[in-house]
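Participant: sharing a model prediction with you, sequence too.
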Amino acid sequence: MIKTILNRFYETVISEFKCSRFAFVSIQIIISLVFSICILAQDETKQIAKVGNQIITVEEFRDRYEFMPHLNYSSDNKDTLKKEFLYSLIAEKLWALEGLEKGIDTLEVVRSSLKTLEKLFVKDELFRSEVESKIDISSEEISKGLLRVGRTLYVKIITSTDSSEIFRIYNHLVNFNNFDSLLAARPEYNSQQKPLQIKLGTLSDEFAEDVIFNLKLNEISAPMLSNNNWFIFKLENEEIDSTILSDNETARNKTIAILSERKRKALAGKFLDKVIGGRTISANSELFNLFADTLVNIIQKRISHQIPELSNNIELTPDDLKKSLALLDKEKLNSLFVEFDSTKLSLKDLIYYLMYQKVSFPSTKSNRIKLVLNKAVKQFIEDEVITQEGYKRGLNNLSSVRKDIDIWKNYYLSELMLQTFNDSVSVSDYEVENYLSQKLNTDSNQLQLNIAEIFTPQLDDLMIVLDELNKGSDFTELAKKFNQREYTKKSNGEWGYFLANSAGQIGKIASQLEIGQVYGPIKVEDGYSIIKLIDKKLLSDSIIQISDEPKDYIKMKLSLTKLNNLINKNTVRLASKYNVSIDEDLLNTIELSELNMFTYRLIGFGGKIAAMPVTIPVFEWYYLLNSMTEIP
């Protein structure tokens with residue numbers, strides 16, 4: 001059982017959290033890259049539920065509900081949805097408690113993953129302390145920014161590293177005023193077929209920005225030095241965005257945001273120079289080559305079965321890293337890979353770090369993969385240096401860090417415990433035949449659908465699919481590469497016609513789509529799906545055939561129903577074991593956002609992660625328990 005737990009942990013839980021790897025394609029779901037929300041006046045520390053020795057506060061409930069999508073609940077009614085979401089959150093706590101009792105938290109994969117998360121949160125707290133808290137924008141800076149925020153300047157540039165050359169050019173321009181013809185004869189002209197756009201905040205050099213915004217139309221600037229290069233600017237044109245300038249609040253907010261980001265980058269750069277600048281830290285080249293060669297073989301084997309044109313941007317997946325952990329000798333994995341100050345990091349530390357990073361390779365060539373990995377190792381070392389500075393300051397003991405870790409720990413333990421039920425469910429041919437015979441006694445008119453599906457247990461694969469779809473890639477071609485549903489692989493993800501009311505959540509969603517529309521992800525057994533509606537039509541009972549539904553899909557559907565029933569039945573047992581109490585009156589007073597969105601949390605000094613775990617819908621246990629006894 002433990003081996004099964006470990007395998008599925010890598011495939012599902014790690015990919016659930018992986019940095020910047022998740023998005024939604026649907027009619028109503030919104031992608032938000034900003035970790036912010038309007039906090040209501042209500043006391044966020046009030047206890048909405050108690051589960052054993054754990055509590056769920058209004059704050060945790062609100063964050064989990066509003067920062068993550070609500071997948072596969074029984075109703076879209078906001079009151080029902082709110083309650084079932086809480087019941088699912090309680091179920092997560094119950095299974096986490098059971099996982100603690102069984103010692104799941106002592107597994108190396110859990111301990112290593114939580115340690116990696118802790119480092120991310122420590123790094124983020126250090127950023128808040130050294131950068132965010134020190135951002136200060138004066139009223140004078142805001143006033144100056146307001147004069148520029150609605151302007152877009154179009155400039156051309158002559159540049160040189162030689163001060164003598166640049167001043168010679170400037171003197172020539174003063175006398176002959178032939179900037180364009182002179183620029184046309186220079187190498188930098190190739191990147192300036194069109195003038196460059198300059199807006200407030202485009203340039204990191206504030207002095208250069210001042211120079212350009214003070215130019216008049218067709219005026220050239222005196223030579224100026226920036227980042228060891230000399231520049232002469234010419235203002236070609238200017239546009240004014242009246243929509244920004246006409247709204248004082250919008251203009252002010254945008255100005256403050258731009259100026260804040262500029263100061264944020266400057267402060268972060270200064271701090272990184274202080275902590276990292278001038279240091280030389282090397283990694284063990286023997287271990288690097290061993291790991292790189294192993295990973296090259298894994299990736300090349302995986303990619304060999306894919307479409308060539310889709311193999312030029314290869315994502316490093318948790319499964320790749322899991323395989324490398326299995327193939328590499330334990331002694332090598334635990335060997336010293338990087339050492340600085342009193343910090344010692346193993347090759348295994350690097351591999352777990354990579355599980356939470358977005359890494360992609362331009363090709364399957366060994367040298368190209370190793371080049372990317374070398375850059376990833378450099379970033380790994382830099383992040384570790386930054387993180388250790390946070391540990392020196394005791395930021396790992398902050399209540400905010402401990403709270404974040406506890407939330408993800410509960411989610412991990414719950415997921416691992418739930419996954420132990422997967423192998424305990426099976427569906428016989430007799431059950432399939434019985435299901436089909438019952439389906440003949442249905443309503444007079446039924447909706448028949450045909451969809452294409454991309455199914456994968458890994459959310460990071462879905463992120464790649466969504467990126468490709470946004471770029472205009474063909475759904476069928478992507479299904480050839482990414483779909484892992486065995487019975488639809490040969491049909492490139494296409495199901496064939498089936499009855500909408502026989503396909504559970506997928507049928508319900510697909511029946512509401514327009515032909516050609518894409519929706520997802522949808523939480524299904526063992527993973528996630530993105531679907532595209534190919535066709536739909538109404539049929540009468542007289543022409544419905546048993547063969548209209550794929551047998552393998554029926555088995556999957558019945559298996560999922562059995563699994564859901566089994567999990568909810570056992571959740572009832574845990575609710576009795578650990579005791580559950582719910583403040584229904586408080587729950588009813590909580591006002592929540594109506595948006596169904598996936599939110600990213602930006603991590604200081606680089607990176608982004610899922611703002612919160614996705615709460616898996618396990619709510620029917622409450623109705624089962626409530627039919628036997630009242631929950632206090």
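Facilitator: Thanks, I have the structure now.

Participant: helices or strands next to the helix or strand hosting Leu86 in the packing?
Facilitator: For Leu86, the enclosing helix or strand under DSSP states H and E is helix 78-101. If you count contacts as 3 or more C-beta pairs under 8 Å, 6 or more residues apart in numbering; DSSP states H and E, helix 78-101 packs onto strand 47-51, strand 54-57, helix 58-67, helix 399-419, helix 551-578, strand 580-582, helix 584-589, helix 620-628. Where C-beta positions appear, they are placed from N, C-alpha and C, glycine not excepted.

Participant: could you give the angle of that helix to helix 399-419?
Facilitator: 90 degrees (axes from the mean of the first three to the mean of the last three C-alpha atoms, to 10 degrees).

Participant: save the helices and strands packed on helix 78-101 as a markdown table, and put in mean pLDDT, mean neighbour count and distance to Gln505 too.
Facilitator: Output for the helices and strands packed on helix 78-101, formatted as a markdown table (pLDDT from 0 to 100; neighbours: other C-beta atoms under 10 Å; distance: least, C-beta to C-beta, whole Å):
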| stretch | mean pLDDT | mean neighbour count | distance to Gln505 |
| --- | --- | --- | --- |
| strand 47-51 | 96 | 20 | 26 |
| strand 54-57 | 95 | 17 | 26 |
| helix 58-67 | 92 | 20 | 19 |
| helix 399-419 | 94 | 19 | 17 |
| helix 551-578 | 87 | 18 | 9 |
| strand 580-582 | 95 | 19 | 26 |
| helix 584-589 | 93 | 12 | 25 |
| helix 620-628 | 87 | 16 | 14 |
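
Participant: so for Ile534, which of the ones you listed sits nearest?
Facilitator: Among the helices and strands packed on helix 78-101, the nearest to Ile534 by C-beta to C-beta is helix 551-578 (15.1 Å).

Participant: ok but Ala75 is inside a helix, no?
Facilitator: Careful, residue 75 is Ser and not Ala. No. Counting by DSSP: H, G, I helix; E, B strand; the rest coil, Ser75 falls outside a helix, being coil.

Participant: that one: neighbour count?
Facilitator: Counted with other C-beta atoms under 10 Å, residues neighbouring Ser75 total 10.

Participant: Glu118 sits in which helix or strand?
Facilitator: Here Glu118 is assigned to helix 108-130, by DSSP H and E.

Participant: and Leu97, which of the helices and strands packed on helix 78-101 is closest to it?
Facilitator: Closest approach to Leu97 among these (C-beta to C-beta): helix 551-578, 5.4 Å.

Participant: that older thread, out of the helices and strands packed on helix 78-101, flag the one nearest Glu315.
Facilitator: For Glu315, the closest of the helices and strands packed on helix 78-101 is helix 399-419, at 21.9 Å, according to C-beta to C-beta.

Participant: helices of the stretch 301-450 of the chain, start to end?
Facilitator: Remark: helices assigned in the stretch 301-450 of the chain by DSSP state H, counting those that start in this stretch are 318-327, 330-333, 347-354, 366-392, 399-419, 429-439.

Participant: any chance of a markdown table for these, columns distance to Glu468?
Facilitator: A markdown table is the format used below for these (distance: least, C-beta to C-beta, whole Å):
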| stretch | distance to Glu468 |
| --- | --- |
| helix 318-327 | 19 |
| helix 330-333 | 33 |
| helix 347-354 | 22 |
| helix 366-392 | 19 |
| helix 399-419 | 27 |
| helix 429-439 | 35 |
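
Participant: deepest-packed of those, please.
Facilitator: With neighbours taken as mean count of other C-beta atoms under 10 Å, the helices of the stretch 301-450 of the chain reach their highest mean count in helix 347-354, at a mean of 22.

Participant: quick one: which of the helices and strands packed on helix 78-101 is nearest Tyr435?
Facilitator: Taking C-beta to C-beta, helix 551-578 is the member of the helices and strands packed on helix 78-101 nearest to Tyr435, at 6.0 Å.

Participant: which of the residues in the helix holding Leu86 are buried?
Facilitator: Of all the residues in helix 78-101, those buried under the rule 16 or more other C-beta atoms under 10 Å are 81-100.

Participant: low-confidence regions, this structure specifically.
Facilitator: 1-42, 71, 305-312, 436-445, 459-460, 525, 539-550, 595-597, 629-632 (pLDDT under 70).

Participant: thinking again about what came up before, how about the helices and strands packed on helix 78-101, which one is nearest Glu206?
Facilitator: Among the helices and strands packed on helix 78-101, helix 399-419 comes nearest to Glu206, with 32.8 Å by C-beta to C-beta.

Participant: now for the closest one, which elements pack on it?
Facilitator: Contacting helix 399-419 under the criterion 3+ C-beta pairs under 8 Å, 6+ apart are the following elements: helix 2-8, helix 78-101, helix 108-130.

Participant: quick revisit: okay, the helices and strands packed on helix 78-101 in CSV with distance to Asp383 next?
Facilitator: Putting the helices and strands packed on helix 78-101 into CSV (distance: least, C-beta to C-beta, whole Å) gives the following:
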stretch, distance to Asp383
strand 47-51, 35
strand 54-57, 31
helix 58-67, 24
helix 399-419, 16
helix 551-578, 37
strand 580-582, 40
helix 584-589, 40
helix 620-628, 41
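
Participant: out of these, the one nearest Ile603 is which?
Facilitator: Closest approach to Ile603 among the helices and strands packed on helix 78-101 (C-beta to C-beta): helix 399-419, 11.2 Å.

Participant: quick one: distance of the closest one to the chain centre.
Facilitator: Relative to the centre of its chain, helix 399-419 is centred 17 Å away, using C-alpha atoms, centre = their mean, to the nearest Å.

Participant: same check, this time on stretch 397-409
Facilitator: Mean-position distance between stretch 397-409 and its chain equals 19 Å (C-alpha atoms, centre = their mean).

Participant: what do you get for stretch 151-170?
Facilitator: Stretch 151-170 sits 41 Å away from the centroid of its parent chain (C-alpha atoms, centre = their mean).
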